[in-house]
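*Asks:* Structure of the sequence below:
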Amino acid sequence: MPIRAVLWDIDDTLFDYTGADTAGFGHHLVEEGLGERYGSPAEALALWRRLTERHWARFAAGEVTFPGQRQDRVRDFLGEPALTAGQADAWFDRYVLHYQAAWALFPDVLPVLDTLAGAYRHGVLTNSSVANQDPKLRRLGLRERFEVLVCAAELGVSKPEAAAFLSACEALGLPPGEVAYVGDQPEIDARGARDAGLTAVWLDRDGERGPAPDGVHRITGLDFLPGVLAGDTRFGARSGIR
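*Replies:* Residues are numbered from 1 along each chain as shown. Take a look at the predicted model:
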């Protein structure tokens, strides 16, 4: 069955989330007078990311709202459980301003989207919210390239659940066998897509994160993606693809 559409992850796939987060959070700590509180900026960022994972898991399990997981992250990071929702939101919003100032696409994104534009339809499936990702895609100049934007916060289910991938395929009006998914996480993105019946492409930009799960295509740059999509992607990979 030929591939007719590509669904994309955003953060650390199209957009350099890690780079923007690192730079933005560092500037935010300095402006908040927290530069020395956590030992080093790297230690502070590591704590923030652990809290992000913890509270996102609570949101994914339906234990807290999307704004609520953000507010709880801030309370835990600052060690101030009595912060009001408004105070936590204001702190987070100040961080976001620094984060947004560092936004950038990876250099291989626009070339591959241009190459694939005439042959494949495109959409996005992300574990975030439309309120976050739609403005991001617009600011980065990408929103008009995608027919659909499907986000976990509105969908009510997150990757790697099959229902998330199948809902995105349904939004495109295509069966999963005609859709490829491209993301940077081997389990959440690639294994989840594979288990839902999509062609799974793991973008391992570092090339040092171990072997791909069975049935998953591992590429080290988006320049390899057209070759994956053009071939019989479910049974073997071309040269340059791991």
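*Asks:* where does the protein dip in pLDDT?
*Replies:* For the chain, the stretches flagged by pLDDT under 70 are 232-242.
*Asks:* Could you pull out the helices in it for me?
*Replies:* When secondary structure is read from DSSP state H, the chain shows helices at 17-31, 41-60, 66-78, 85-101, 109-116, 130-139, 152-155, 162-172, 192-195, 225-230.
*Asks:* Could you chop the protein up by domain?
*Replies:* Following the assignment in automatic domain parsing, the chain carries domains at 5-16+104-230, 17-101.
*Asks:* Next one: the nearest residue to A162 once chain neighbours are set aside from R4, what distance?
*Replies:* Nearest non-adjacent residue to A162, counting by C-beta to C-beta, 6 or more residues apart in numbering: A196, 4.0 Å away. The C-beta positions use only the backbone N, C-alpha and C, and glycine is treated the same way. Separation of A196 from R4 (C-beta to C-beta, to the nearest Å): 16 Å.
*Asks:* just G215 next, same as before
*Replies:* Distance of G215 to R4, given as C-beta to C-beta: 20 Å.
*Asks:* Looking only at neighbour counts, state which of these two leads.
*Replies:* R4 (17 against 14; other C-beta atoms under 10 Å).
*Asks:* correct me, but that one touches V179?
*Replies:* Yes: counting by C-beta atoms under 8 Å, R4 does reach V179; the two are 7.2 Å apart.
*Asks:* Just confirm D72 contacts H55, I think it does.
*Replies:* Yes: contact criterion C-beta under 8 Å: D72 and H55 qualify, at 5.1 Å.
*Asks:* Find the residues that touch each one of those two.
*Replies:* Counting by C-beta atoms under 8 Å, 6 or more residues apart in numbering, the contacts common to D72 and H55 are V64.
*Asks:* can you put the helices of the chain in JSON lines and add mean neighbour count and distance to D206?
*Replies:* Formatted as JSON lines, these follow (neighbours: other C-beta atoms under 10 Å; distance: least, C-beta to C-beta, whole Å):
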{"stretch": "helix 17-31", "mean neighbour count": "17", "distance to D206": "11"}
{"stretch": "helix 41-60", "mean neighbour count": "16", "distance to D206": "17"}
{"stretch": "helix 66-78", "mean neighbour count": "19", "distance to D206": "26"}
{"stretch": "helix 85-101", "mean neighbour count": "15", "distance to D206": "22"}
{"stretch": "helix 109-116", "mean neighbour count": "16", "distance to D206": "17"}
{"stretch": "helix 130-139", "mean neighbour count": "16", "distance to D206": "23"}
{"stretch": "helix 152-155", "mean neighbour count": "18", "distance to D206": "25"}
{"stretch": "helix 162-172", "mean neighbour count": "20", "distance to D206": "25"}
{"stretch": "helix 192-195", "mean neighbour count": "23", "distance to D206": "20"}
{"stretch": "helix 225-230", "mean neighbour count": "18", "distance to D206": "17"}
